[in-house]
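**Q** one predicted model, sequence on top.
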Amino acid sequence: MSGIGAAKEAAARAARLDAVFAALADPTRRAIIERLSRGAARVTEVAEPFDMSLNAVSKHIRVLEASGVVARRRRGRDHILSINARSLDEVDGWIERTRRFWQRRLDAMERLLDELNPQRQPAPKGGRHGGR
(Lines give C-alpha, C1' and ligand atoms only; values in the text may rest on other atoms or scores of the structure.)
Protein backbone atom coordinates (compact mmCIF):
# COMPACT_ATOMS: atom_id res chain seq x y z
CA MET A 1 0.00 0.00 0.00
CA SER A 2 1.37 3.42 -0.90
CA GLY A 3 2.06 6.08 1.70
CA ILE A 4 -1.04 8.00 0.62
CA GLY A 5 -3.19 4.86 0.67
CA ALA A 6 -1.91 3.92 4.12
CA ALA A 7 -2.60 7.44 5.40
CA LYS A 8 -6.15 7.34 4.01
CA GLU A 9 -6.76 3.94 5.60
CA ALA A 10 -5.41 5.18 8.95
CA ALA A 11 -7.66 8.26 8.73
CA ALA A 12 -10.68 6.09 7.88
CA ARG A 13 -9.89 3.73 10.78
CA ALA A 14 -9.57 6.72 13.15
CA ALA A 15 -12.89 8.14 11.92
CA ARG A 16 -14.63 4.78 12.50
CA LEU A 17 -13.11 4.55 15.98
CA ASP A 18 -14.22 8.12 16.78
CA ALA A 19 -17.76 7.29 15.64
CA VAL A 20 -17.91 4.16 17.79
CA PHE A 21 -16.60 5.94 20.90
CA ALA A 22 -19.04 8.83 20.33
CA ALA A 23 -21.93 6.37 19.94
CA LEU A 24 -20.96 4.52 23.11
CA ALA A 25 -20.59 7.74 25.11
CA ASP A 26 -24.33 7.86 25.77
CA PRO A 27 -25.78 5.63 28.53
CA THR A 28 -28.98 4.92 26.57
CA ARG A 29 -26.96 3.65 23.61
CA ARG A 30 -24.80 1.53 25.91
CA ALA A 31 -28.00 0.04 27.36
CA ILE A 32 -29.20 -0.75 23.84
CA ILE A 33 -25.90 -2.50 23.13
CA GLU A 34 -26.21 -4.39 26.41
CA ARG A 35 -29.67 -5.57 25.37
CA LEU A 36 -28.46 -6.61 21.91
CA SER A 37 -25.53 -8.49 23.43
CA ARG A 38 -28.12 -11.05 24.55
CA GLY A 39 -29.32 -11.51 20.96
CA ALA A 40 -30.95 -9.78 18.02
CA ALA A 41 -34.23 -8.00 18.72
CA ARG A 42 -36.97 -5.98 17.04
CA VAL A 43 -36.78 -2.21 17.44
CA THR A 44 -39.93 -2.23 19.55
CA GLU A 45 -38.43 -4.83 21.90
CA VAL A 46 -35.28 -2.73 22.28
CA ALA A 47 -37.36 0.41 22.97
CA GLU A 48 -39.65 -1.28 25.53
CA PRO A 49 -37.67 -0.68 28.77
CA PHE A 50 -36.91 2.98 28.08
CA ASP A 51 -39.01 5.80 29.47
CA MET A 52 -38.95 7.70 26.18
CA SER A 53 -40.82 7.69 22.91
CA LEU A 54 -40.14 5.13 20.20
CA ASN A 55 -38.95 8.02 18.04
CA ALA A 56 -36.35 9.03 20.67
CA VAL A 57 -35.06 5.46 20.94
CA SER A 58 -34.97 5.26 17.12
CA LYS A 59 -32.67 8.30 17.06
CA HIS A 60 -30.27 6.50 19.40
CA ILE A 61 -30.45 3.41 17.21
CA ARG A 62 -29.65 5.49 14.11
CA VAL A 63 -26.51 6.84 15.83
CA LEU A 64 -25.46 3.27 16.63
CA GLU A 65 -26.14 2.23 13.04
CA ALA A 66 -24.19 5.19 11.61
CA SER A 67 -21.21 4.24 13.80
CA GLY A 68 -21.38 0.68 12.54
CA VAL A 69 -22.01 -0.82 15.99
CA VAL A 70 -25.56 -1.95 15.17
CA ALA A 71 -26.87 -3.56 12.00
CA ARG A 72 -30.52 -3.57 10.94
CA ARG A 73 -32.30 -6.04 8.71
CA ARG A 74 -35.92 -6.22 7.74
CA ARG A 75 -38.07 -9.29 8.13
CA GLY A 76 -41.47 -8.40 6.76
CA ARG A 77 -42.63 -5.37 8.74
CA ASP A 78 -40.17 -6.01 11.57
CA HIS A 79 -36.84 -4.24 11.81
CA ILE A 80 -34.37 -6.59 13.51
CA LEU A 81 -31.30 -5.12 15.21
CA SER A 82 -28.08 -6.92 16.03
CA ILE A 83 -24.57 -6.00 17.13
CA ASN A 84 -21.92 -5.66 14.45
CA ALA A 85 -19.03 -7.29 16.30
CA ARG A 86 -16.46 -6.15 13.72
CA SER A 87 -16.80 -2.51 14.82
CA LEU A 88 -16.33 -3.52 18.44
CA ASP A 89 -13.33 -5.65 17.44
CA GLU A 90 -11.69 -2.47 16.11
CA VAL A 91 -12.24 -0.81 19.49
CA ASP A 92 -10.87 -3.86 21.27
CA GLY A 93 -7.79 -3.80 19.03
CA TRP A 94 -7.22 -0.11 19.77
CA ILE A 95 -7.59 -0.68 23.51
CA GLU A 96 -5.17 -3.63 23.41
CA ARG A 97 -2.55 -1.67 21.41
CA THR A 98 -2.87 1.24 23.85
CA ARG A 99 -2.61 -1.12 26.83
CA ARG A 100 0.57 -2.72 25.43
CA PHE A 101 2.11 0.71 24.77
CA TRP A 102 1.51 1.91 28.31
CA GLN A 103 2.52 -1.43 29.80
CA ARG A 104 5.92 -1.15 28.07
CA ARG A 105 6.31 2.47 29.21
CA LEU A 106 5.41 1.67 32.81
CA ASP A 107 7.70 -1.38 32.84
CA ALA A 108 10.56 0.82 31.58
CA MET A 109 9.82 3.38 34.30
CA GLU A 110 9.82 0.64 36.92
CA ARG A 111 13.20 -0.65 35.69
CA LEU A 112 14.59 2.89 35.85
CA LEU A 113 13.30 3.36 39.39
CA ASP A 114 14.88 0.03 40.38
CA GLU A 115 18.21 1.18 38.92
CA LEU A 116 18.05 4.53 40.69
CA ASN A 117 17.03 3.01 44.03
CA PRO A 118 18.14 -0.62 44.45
CA GLN A 119 16.54 -0.80 47.95
CA ARG A 120 13.10 0.07 46.54
CA GLN A 121 10.36 -2.51 47.15
CA PRO A 122 9.36 -4.14 43.83
CA ALA A 123 5.79 -3.72 42.60
CA PRO A 124 3.54 -6.75 43.19
CA LYS A 125 3.44 -9.04 40.17
CA GLY A 126 0.22 -9.81 38.32
CA GLY A 127 -1.86 -6.73 39.10
CA ARG A 128 0.63 -4.03 38.30
CA HIS A 129 -0.22 -1.08 36.07
CA GLY A 130 -3.93 -1.84 36.10
CA GLY A 131 -3.55 -4.92 33.88
CA ARG A 132 -6.28 -7.51 33.46
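**A** Cool, got the structure. Residues are numbered from 1 along each chain as shown.
**Q** could you list the low-pLDDT ranges of this structure?
**A** Applying pLDDT under 70 to the chain flags the ranges 1, 123-132.
**Q** tell me where it has strands.
**A** 41-42, 70-75, 78-83 (DSSP state E).
**Q** contacting residues around the first one?
**A** Which is strand 41-42. 35, 78, 79, 80, 81 (CB atoms under 8 Å, 6 or more residues apart in numbering). C-beta here means a position set from N, CA and C on the backbone, and glycine is covered the same way.
**Q** number of nearby residues for residue 29?
**A** 21 (other CB atoms under 10 Å).
**Q** what sits closest to it if chain neighbours are left out?
**A** residue 60 (5.1 Å; CB to CB, 6 or more residues apart in numbering).
**Q** neighbours around that neighbour, how many?
**A** 21.
**Q** now do residue 8
**A** 12.
**Q** from residue 2, how far out is it?
**A** 9 Å (CB to CB, to the nearest Å).
**Q** could you do residue 11 as well?
**A** 14 Å.
**Q** what does residue 116 give?
**A** In terms of CB to CB, residue 116 sits 45 Å off from residue 2.
**Q** redo the contacts of strand 41-42 as CSV? Include neighbour count and distance to residue 71.
**A** As requested, these are exported to CSV (neighbours: other CB atoms under 10 Å; distance: CB to CB, whole Å):
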residue, neighbour count, distance to residue 71
35, 18, 15
78, 12, 14
79, 16, 11
80, 16, 9
81, 20, 7
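**Q** and which of those is nearest residue 19?
**A** residue 81 (17.2 Å; CB to CB).
**Q** tell me which other helices or strands the longest helix along the chain touches.
**A** Ranked by number of residues, the top helix in the chain under DSSP state H is helix 85-116. Counting contacts by 3 or more CB pairs under 8 Å, 6 or more residues apart in numbering; DSSP states H and E, helix 85-116 is packed against helix 3-24.
**Q** so what touches the helix it packs on?
**A** By CB under 8 Å, 6+ apart, helix 3-24 touches 1, 29-30, 33, 63-64, 66-69, 87-88, 90-91, 94.
**Q** before we move on, the earlier item: residue 11 and residue 2: which has the busier surroundings?
**A** Taking other CB under 10 Å, residue 11 and residue 2 do not tie; residue 11 has more neighbours (10 against 7).
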